[in-house]
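Trainee: sequence plus predicted model, see below.
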Amino acid sequence: LSTNMANDLIRLYVAPQRIILEPLNQEGTPSIEIDRASGRISTSTSKRPDFNPKDKLQDIHGIIGISHLLSGGHLIVITGRQLAAKVHGHDIWKVTRTRIIAISPDNSSLSAVQKADEARYVQMLEHVLAMDGFYFCYDHDLTHTVQRLATLADDTRPVWVRADERFFWNKAMLQDIIKLKVNNWILPIMMGAVMTEHVPEQRGAGAFQYVLISRRNCRRPGTRYNVRGADKDGNVANFVETEQILIPSKGGACASFVQTRGSIPVFWRQTADIKYKPRLTLQGEAIEVGAAFRRHFEEQTRLYGTVNCINLIDQKGSELKLGEVYENQVRLYNNSNVKYTAFDFHQQCKGMRFDRLSLLMDQISTDIEKTGYYLADNTGTMVSKQAGVFRTNCIDNLDRTNVVQSLLARQALAVQLVQLGLARERRTVFEMPFEAQFKNIWANHADVISKQYSGTGAMKTDFTRTGKRTTQGAINDGINGLMRYYLNNFTDGFRQDALDLFVGNYTVDTHHPSPFRSKNAAYAALAASIMLVIAVVLLIFSAVLPPAPEVTWLHSLGMMLVWVVAIFGFYKGLGKFGKVFVDQPVLFLKNN
């Protein structure tokens with residue numbers, strides 16, 4: 001692996017005329033100087049001149065990049081970090097605090113509208129930076145799986161050069177730094193999840209470290225109803241690569257098992273329109289859909305080998321039609337390395353019969369054996385290679401997908417522990433106290449991945465945590481469903497724009513008019529949501545609170561009926577003109 005290490009401690013000087021970033025623990029690495037008047041960025045090996053005591057000085061942990069807005073560049077740096085895991089001696093850090101610094105101290109040339117837009121762009125950047133799930137590592141390539149890293153063992157290129165661009169979230173922001181050709185200043189940031197547990201010896205099983213890493217694709221970022229399906233290049237919404245790593249406490253052996261999730265790779269939409277479940281529509285001509293589908297799986301098979309597609313959507317209604325298109329595309333693609341299995345999760349598991357998931361596990365048992373997993377012995381030599389991957393999806397690629405992925409990981413875990421000599425037989429794993437830790441880490445992981453896409457924690461995590469469906473879990477799912485409804489309809493336009501701005505899908509141009517909707521539209525959306533909430537609350541009060549002595553039960557019942565009719569009429573009206581009230585993205589229009 002490359003020994004090129006990114007600067008892990010930097011002193012930031014912010015003066016009226018310039019900004020200087022000075023590495024504190026790497027001799028020979030030049031400083032970065034930014035002229036605040038011209039915006040020019042350069043390197044310097046000369047000794048830092050004395051600064052005025054009034055100048056702002058701060059120690060930081062890395063540069064995320066420079067975002068160019070209306071007044072010029074905005075430097076984004078990491079000011080807080082938390083150790084998420086130590087894997088093979090490498091510290092993996094989670095971003096906990098950041099700072100945005102306008103390079104130009106003077107924005108007087110901007111109009112009032114431009115100043116308002118500039119403030120909104122900064123809010124968008126702050127929103128993305130505050131999301132849970134940004135990780136980095138100074139001396140290790142976090143964007144690749146253990147198996148891919150093994151194939152890159154002789155690659156001496158800098159970490160950022162060989163990083164997997166699918167998971168290199170700040171590459172667009174780092175272009176100004178990349179042009180300086182000083183590798184130590186370039187720090188890839190990944191979005192996803194990193195979790196770990198150190199498991200002591202227990203019930204005849206050896207001690208080991210369990211690591212779960214998820215990498216979210218930045219090529220088609222977005223929110224639940226604003227980004228669905230594939231684009232023309234084959235990139236899909238909510239694509240996440242998840243890797244389970246086992247490291248015995250003694251020796252140098254290692255095992256890994258990789259899965260993926262992603263939206264059904266055809267052109268389809270489900271645009272928020274106030275309705276609880278927006279209408280699903282198929283898009284595009286057959287030739288275009290087929291080309292995008294082919295591009296998607298050409299990349300997937302090149303990266304992972306055989307792709308075992310598990311489709312968990314309903315086999316009725318609009319989801320049935322989408323599933324038929326998916327299955328037909330697999331048939332037309334006619335590639336033996338792409339396999340397809342349909343399993344109607346809701347139908348098979350209705351009545352909280354999640355034990356029936358064993359039917360799916362039996363159905364794909366042969367594919368599980370053929371897919372295998374990565375295994376390296378105590379010398380680091382590859383003993384076995386994962387020959388394929390399970391690509392699981394439901395409609396959102398969240399709740400049902402999480403459940404099935406945890407079951408696949410559990411099966412792989414049992415086999416891997418035996419192969420590593422950490423357990424005598426597979427069933428030993430399911431009798432270990434670690435079983436509870438395993439379920440919790442997967443449920444926590446599901447919540448993080450869900451929040452990044454839908455805005456709320458995952459559903460059905462009661463099964464992931466306990467192995468069975470519970471009434472309380474169903475109630476929690478109902479609460480999450482209502483939260484998703486509100487967020488997806490009234491806040492996700494802003495979130496979508498923020499993500500597109502962050503990854504570079506949208507470029508701010510001073511010569512273009514303001515892209516944002518008038519405040520009247522925003523106020524209408526806010527007013528609609530508030531009125532609906534008030535009507536529901538008043539209905540609940542009418543039903544729960546006891547009436548005054550002088551009020552008859554007939555009068556109370558009449559009032560309740562009034563509120564029911566009002567809510568129904570209001571909801572139907574919103575449904576007819578729903579898209580007017582929904583918070584829609586405006587910066588970057590998707591091509592499907």
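Mentor: It's in.
Trainee: which stretches in the stretch 251-400 of the chain count as strands?
Mentor: For the stretch 251-400 of the chain, the strands defined by DSSP state E, counting those that start in this stretch occupy 254-261, 268-269, 281-282, 306-311, 338-342, 374-376, 382-384, 388-393.
Trainee: and what of the stretch 101-250 of the chain?
Mentor: So, for the stretch 101-250 of the chain - with DSSP E, counting those that start in this stretch - the strands run 134-136, 190-199, 208-216, 240-248.
Trainee: and the angle for the second one with strand 208-216?
Mentor: Put simply, strand 190-199 runs at 170 degrees to strand 208-216, going by axes from the mean of the first three to the mean of the last three CA atoms, to 10 degrees.
Trainee: for strand 190-199, packing partners?
Mentor: The contact analysis (3 or more CB pairs under 8 Å, 6 or more residues apart in numbering; DSSP states H and E) places strand 190-199 against strand 72-87, strand 134-136, strand 208-216, helix 434-454. Just so you know, the C-beta spots here come from the backbone N, C-alpha and C atoms, and that holds for glycine as well.
Trainee: okay, those in TSV with mean pLDDT next?
Mentor: Conversion of the helices and strands packed on strand 190-199 to TSV gives the following (pLDDT from 0 to 100):
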stretch	mean pLDDT
strand 72-87	97
strand 134-136	98
strand 208-216	97
helix 434-454	93
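Trainee: let me have these in JSON lines, extended by mean neighbour count and distance to L125.
Mentor: Listed next are the helices and strands packed on strand 190-199 as JSON lines, based on neighbours: other CB atoms under 10 Å; distance: least, CB to CB, whole Å:
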{"stretch": "strand 72-87", "mean neighbour count": "18", "distance to L125": "7"}
{"stretch": "strand 134-136", "mean neighbour count": "24", "distance to L125": "13"}
{"stretch": "strand 208-216", "mean neighbour count": "23", "distance to L125": "18"}
{"stretch": "helix 434-454", "mean neighbour count": "21", "distance to L125": "16"}
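Trainee: any chance of these in TSV, with distance to Q300 too?
Mentor: Below are these laid out as TSV (distance: least, CB to CB, whole Å):
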stretch	distance to Q300
strand 72-87	25
strand 134-136	23
strand 208-216	14
helix 434-454	19
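Trainee: what pLDDT does the residue lying closest to R219 once chain neighbours are set aside get?
Mentor: In space, and not counting its chain neighbours, R219 is closest to N235: 4.1 Å by CB to CB, 6 or more residues apart in numbering. pLDDT for N235: 98.
Trainee: same question for F570.
Mentor: For F570, pLDDT reads 64.
Trainee: ok, G457 next?
Mentor: pLDDT recorded at G457 is 89.
Trainee: can you pull the contacts of the closest residue to it other than its chain neighbours?
Mentor: Here the nearest residue to G457 in space, its sequence neighbours aside, is D447; by CB to CB, 6+ apart that works out to 3.9 Å. Taking CB atoms under 8 Å, 6 or more residues apart in numbering, we find D447 in contact with G457, A458, T461.
Trainee: buried ones in stretch 286-305?
Mentor: 289-290, 292-297, 300-301, 303-305 (16 or more other CB atoms under 10 Å).
Trainee: follow-up on the earlier one: out of the helices and strands packed on strand 190-199, nearest to A153?
Mentor: strand 72-87 (16.2 Å; CB to CB).
Trainee: can you show me the CA trace of stretch 353-370 as CSV?
Mentor: Only the C-alpha atoms of stretch 353-370 are listed here, as CSV (Å, rounded to 0.1, in the frame of the first residue of the first chain):
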residue,chain,number,x,y,z
ARG,A,353,-44.5,-13.9,10.0
PHE,A,354,-40.9,-13.0,9.5
ASP,A,355,-39.9,-16.6,10.1
ARG,A,356,-41.0,-17.2,6.5
LEU,A,357,-37.8,-15.4,5.3
SER,A,358,-36.3,-18.9,5.7
LEU,A,359,-38.1,-19.6,2.4
LEU,A,360,-35.9,-17.0,0.6
MET,A,361,-32.8,-18.3,2.3
ASP,A,362,-33.5,-21.8,1.1
GLN,A,363,-34.3,-20.5,-2.4
ILE,A,364,-30.9,-18.8,-2.7
SER,A,365,-28.8,-21.3,-0.6
THR,A,366,-26.9,-22.6,-3.7
ASP,A,367,-26.1,-19.0,-4.7
ILE,A,368,-24.8,-18.3,-1.2
GLU,A,369,-22.4,-21.2,-1.4
LYS,A,370,-21.2,-20.2,-4.9
